[in-house]
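In: Make a model of this:
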Amino acid sequence: MIAQMLNPDWLSRPSVERVAALFGSDPYCFVGGCVRDSLMGKMPRDFDLATTLSAGEILSRVKQLSIRWIVGHPDFPITKIEVCGDEFDICSLPQAKYVESADDFKNWVRNYMGRSDFTMNSLALFPDGLLMDEFGGIHDALNKEIKFVLGFDRIAESIKISPNQIIRYLRFASTHGEGRFDPLVIQKLSACAALLQKDHPEFIRNQMMRLLEIPSPFEAIRIMHDQCIIPHALGFRLSSLAALEKLSQLEGKLGKSSSGYVRLLALLQGAPITLDAAFAHLLSRWKMEPPQLRQLKTIMDFSMFFDPDMNQEQHDQLSKKAGKATLPQIAMMRLLMEDEPFAELARYRPHL
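Out: This next block holds a predicted model:
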């Protein structure tokens, strides 16, 4: 085990200090992504913690301190709360049945981190600043190397435990690995791609949407297409990635990213069936949540009659009906439908 000290600025954030008060003298530590991001010089988007408290006790203290809880149940190991706009996921180690218990808290945390997917996610930070690294995560985070905790020789076993690691590897290699994809890992992920069909649909949906929302998912999607992973994720094959490639080039010319929804619809345009039919198949495969479904339908439906030359009154009416934040996505989708989108870019630019 490697142990060193780490004292990120966010330890003194009001939200973090208030959550720390929730534990009192009971042991807890920060784990996973927030620790990894701190090592890599990034501000965490949210915070994961581990403790020996039961979920019931956590919920009781959350209510006593008038903290807003998002997800929580006495019989469920993860409690999600929000404090000052920051989200915290607190894992009750005694109720995490997949984690071997231990008499010592640090050993218990070590067992918990051994269940991580990637070494850079297997780090634990204790309140006193002690950073615990059992699997070489510090080295891999600093060198931006995406390695599985279980090692390449057992990668198939790892994926059987959590098939969504197939998509997670591609996302992490894109965002935390500087776009480097290990050929050996890609080969093994391709061999295990059929396991995606056995995973929970919401996990596949969430991982795919998170991949599509990163700054540049295009190389990862190309790999998924070339390695025949896409059919297992979407539920059908694609004839090409032409629309998505076109979108990638448009984003480059605009100097800004599209939304994950537009990228998904561009991906579906590569299906050998109509966009509506591909969308219907995807809904059946992914069990899309109502807010996501409404957003995708809005973009699809309004893009059919979007006019880049509309007057201000028409623009305001469309913005009111579709939503101001959705209008650029509608415009981009319509631009993709043009025969010569790059020639039409100037007309659409004010709406993008």
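
In: From residue 334, how far out is the residue lying closest to residue 333 once chain neighbours are set aside?
Out: In space, residue 333 comes closest to residue 303 once its chain neighbours are excluded; the distance is 3.9 Å by Cβ to Cβ, 6 or more residues apart in numbering. Every C-beta, even on glycine, is put in place using the N, C-alpha and C of the backbone. Using Cβ to Cβ, to the nearest Å, we find residue 303 at a distance of 4 Å from residue 334.

In: does residue 92 really touch residue 58, like I thought?
Out: Yes - using Cβ atoms under 8 Å, residue 92 is in contact with residue 58, at 6.5 Å.

In: list residues touching both of those two?
Out: Listed as contacting both residue 92 and residue 58 by Cβ atoms under 8 Å, 6 or more residues apart in numbering are 51, 79.

In: Which one of these two is surrounded by more residues?
Out: residue 58 (27 against 21; other Cβ atoms under 10 Å).

In: nearest spatial neighbour of that one, skipping sequence neighbours?
Out: residue 79 (4.8 Å).

In: The one you found in helix, strand or coil?
Out: strand (DSSP: H, G, I helix; E, B strand; the rest coil).

In: quick one: the closest residue to residue 177 other than its chain neighbours and residue 273, what's the gap?
Out: Using Cβ to Cβ, 6+ apart and skipping the chain neighbours, the partner closest in space to residue 177 is residue 146 (4.4 Å). Counting by Cβ to Cβ, the gap from residue 146 to residue 273 is 34 Å.

In: Any idea which helix or strand in the protein has the lowest mean pLDDT?
Out: helix 155-161 (a mean of 52; mean pLDDT, DSSP states H and E).

In: Next SSE downstream of that helix?
Out: helix 165-175 (DSSP states H and E).

In: Just the CA atoms of that next one, as CSV, please.
Out: Only the C-alpha atoms of helix 165-175 are listed here, as CSV (Å, rounded to 0.1, in the frame of the first residue of the first chain):
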residue,chain,number,x,y,z
GLN,A,165,-17.3,-1.2,-17.7
ILE,A,166,-17.1,-1.8,-21.5
ILE,A,167,-18.5,1.7,-22.1
ARG,A,168,-16.9,3.2,-19.0
TYR,A,169,-13.4,2.3,-20.2
LEU,A,170,-14.0,4.0,-23.5
ARG,A,171,-15.3,7.1,-21.7
PHE,A,172,-12.5,7.2,-19.2
ALA,A,173,-9.8,6.7,-21.9
SER,A,174,-11.3,9.7,-23.7
THR,A,175,-11.6,12.0,-20.7
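
In: now for it, which elements pack on it?
Out: helix 155-161, helix 183-191, helix 201-212, helix 218-226 (3 or more Cβ pairs under 8 Å, 6 or more residues apart in numbering; DSSP states H and E).

In: ok now do the residue nearest the centre of the chain, which residues does it touch?
Out: For the chain, residue 210 is the residue whose C-alpha lies nearest the centre (Cα atoms, centre = their mean; 3.7 Å). If a contact means Cβ under 8 Å, 6+ apart, then residue 210 has 171, 260 as its contacts.
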